[in-house]
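Student: predicted structure and sequence below. I'll ask about it afterward.
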Amino acid sequence: MPIYDQTYRPYRGTFEPHTMRWWTIARAGLKHYLSRKGMLAFVFIAMIPAIVRGVLIWLSHQGALTDFGIIDANFFRGYLAWQGPFLLLICIWPGAILIARDLKTNAIQLYLSRPLTRRDYVIGKFAIIAGIGAILLPAPGLLLFLMQIGLSDNTEFLRDNYWVPLSILGYSAVVIAGAGLLSLAASAMTRSGRYAGLLFFAIVFVSQMVGTVLRLITGSPSFIVLSLPEMVNQVGGLFFGGIAEQVYVLPSMTVYAALIALSLWVLRRRVKAVEIVT
């Protein structure tokens with residue numbers, strides 16, 4: 001009978017720095033979702049507005065669209081605003097199931113029993129939403145900007161709109177942060193991914209309905225700060241300018257920041273290594 005060496009064999013692989021351990025969760029999640037045919041089909045459909053705007057940029061430089069207008073900052077802001085519903089769908093699926101599924105299967109205890117902190121777990125889950133959101137919002141927007149520069153005969157566009165890439169990145173970061181954290185907070189409130197998705201959608205829909213109704217009843221546009229879609233519109237005004245109700249940017253951003261803080265508080269309360277049932 002052969003005798004095998006049973007002595008301790010130390011781990012000889014590489015150790016990830018603690019600050020990057022969240023990337024293990026994010027990488028696995030992105031690889032899982034971006035390898036599914038349904039998600040790839042969704043991403044392709046979400047790219048259609050970018051393709052259309054790319055064609056419009058090309059045709060405008062060919063002189064085929066004389067009535068189209070100029071390519072300016074509002075052109076790129078319009079693209080980002082158009083991508084909002086696609087980001088909303090990402091927050092519903094897969095965003096709303098990311099934590100709810102782990103609560104249902106008690107997988108959070110397995111995550112946190114490893115050299116992962118609660119912060120690593122939340123950042124890793126958020127990075128999944130942010131990674132897919134980056135594919136939908138800032139990446140195509142920056143490519144469209146580079147396309148416009150490449151087709152221009154002079155530097156006039158770049159001289160007048162050099163700040164647009166930073167606005168695209170800033171707008172995308174703020175919107176993805178708010179939507180992603182709210183989606184994770186909704187996911188942490190229940191063990192059902194379906195209910196979490198409905199809860200996230202209800203928060204967005206109810207906020208818009210309440211803001212619109214109060215605005216119509218009182219006649220005061222200040223109630224737009226209660227509507228999440230209007231808050232996002234104010235974010236666009238902050239980074240791109242040119243909206244009629246720009247006076248409400250600061251109140252909207254204050255409410256938006258409070259919503260992010262509330263989402264972080266919910267995640268802190270709900271994501272635990274041990275769940276105490278009373």
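Tutor: Here it is on my side, so go on.
Student: all contacts plus neighbour counts: C-alpha atoms, from now on.
Tutor: OK.
Student: can you tell me the closest non-neighbouring residue to residue 165?
Tutor: Once flanking residues are discounted, residue 165 sits nearest to residue 142: 6.2 Å by Cα to Cα, 6 or more residues apart in numbering.
Student: helices and strands around the lowest-mean-pLDDT helix or strand in the chain, which ones?
Tutor: In the chain, no helix or strand scores lower on mean pLDDT, DSSP states H and E than helix 228-240, which sits at a mean of 83. Contact partners of helix 228-240 among helices and strands, from 3 or more Cα pairs under 8 Å, 6 or more residues apart in numbering; DSSP states H and E: helix 73-82, helix 164-188, helix 193-218, helix 249-270.
Student: if we go to 10 Å?
Tutor: The contact analysis (3 or more Cα pairs under 10 Å, 6 or more residues apart in numbering; DSSP states H and E) places helix 228-240 against helix 73-82, helix 84-92, helix 164-188, helix 193-218, helix 249-270.
Student: per-residue confidence at residue 275?
Tutor: Residue 275 is assigned 56 on the pLDDT scale.
Student: and residue 57, which of the helices and strands packed on helix 228-240 is closest to it?
Tutor: helix 73-82 (10.0 Å; Cα to Cα).
Student: where along the stretch 1-150 of the chain do the helices fall?
Tutor: 22-34, 37-46, 48-61, 73-82, 84-92, 100-105, 107-112, 118-136, 138-151 (DSSP state H, counting those that start in this stretch).
Student: out of these, which gets the lowest mean score?
Tutor: Among these, helix 107-112 carries the lowest mean pLDDT (a mean of 85).
Student: give the buried residues for it.
Tutor: For helix 107-112, a neighbour-count test (16 or more other Cα atoms under 10 Å) marks 108-109, 111-112 as buried.
Student: hmm, the residue nearest to residue 165 is touching residue 163, no?
Tutor: No - using Cα atoms under 10 Å, residue 142 is not in contact with residue 163; the gap is 11.6 Å.
Student: so for the two, which sits in the more crowded spot?
Tutor: residue 142 (17 against 13; other Cα atoms under 10 Å).
Student: what's the spacing between residue 28 and residue 127?
Tutor: Per Cα to Cα, to the nearest Å, residue 28 is found 11 Å from residue 127.
Student: neighbour count: the two, which is higher?
Tutor: More crowded of residue 28 and residue 127, by other Cα under 10 Å: residue 127, with 22 against 12.
Student: so who does the more buried one touch?
Tutor: By Cα atoms under 10 Å, 6 or more residues apart in numbering, the residues touching residue 127 are 22-23, 25-27, 29-30, 121, 133-134, 177, 180.
Student: which of those are buried, as a ChimeraX select command?
Tutor: Command for ChimeraX, covering only those of the contacts of residue 127 found buried under the criterion 16+ other Cα under 10 Å:
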select :22,23,25,26,29,30,121,133,134,177,180
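Student: middle-most residue in this protein, spatially?
Tutor: In the chain, the centroid-proximal residue (Cα atoms, centre = their mean) is residue 176; its distance is 2.7 Å.
Student: ok, it to residue 87 distance?
Tutor: Taking Cα to Cα, one finds residue 176 at 8 Å from residue 87.
Student: also residue 158?
Tutor: Taking Cα to Cα, one finds residue 158 at 29 Å from residue 87.
Student: ok, those two, which is more surrounded?
Tutor: Set side by side, residue 158 and residue 87 show more neighbours around residue 87, with 24 against 15, by other Cα under 10 Å.
Student: am I right that residue 176 is in contact with residue 129?
Tutor: Yes - with contact defined as Cα under 10 Å, residue 176 reaches residue 129; the gap is 7.9 Å.
Student: having no further points to raise, I will conclude here.
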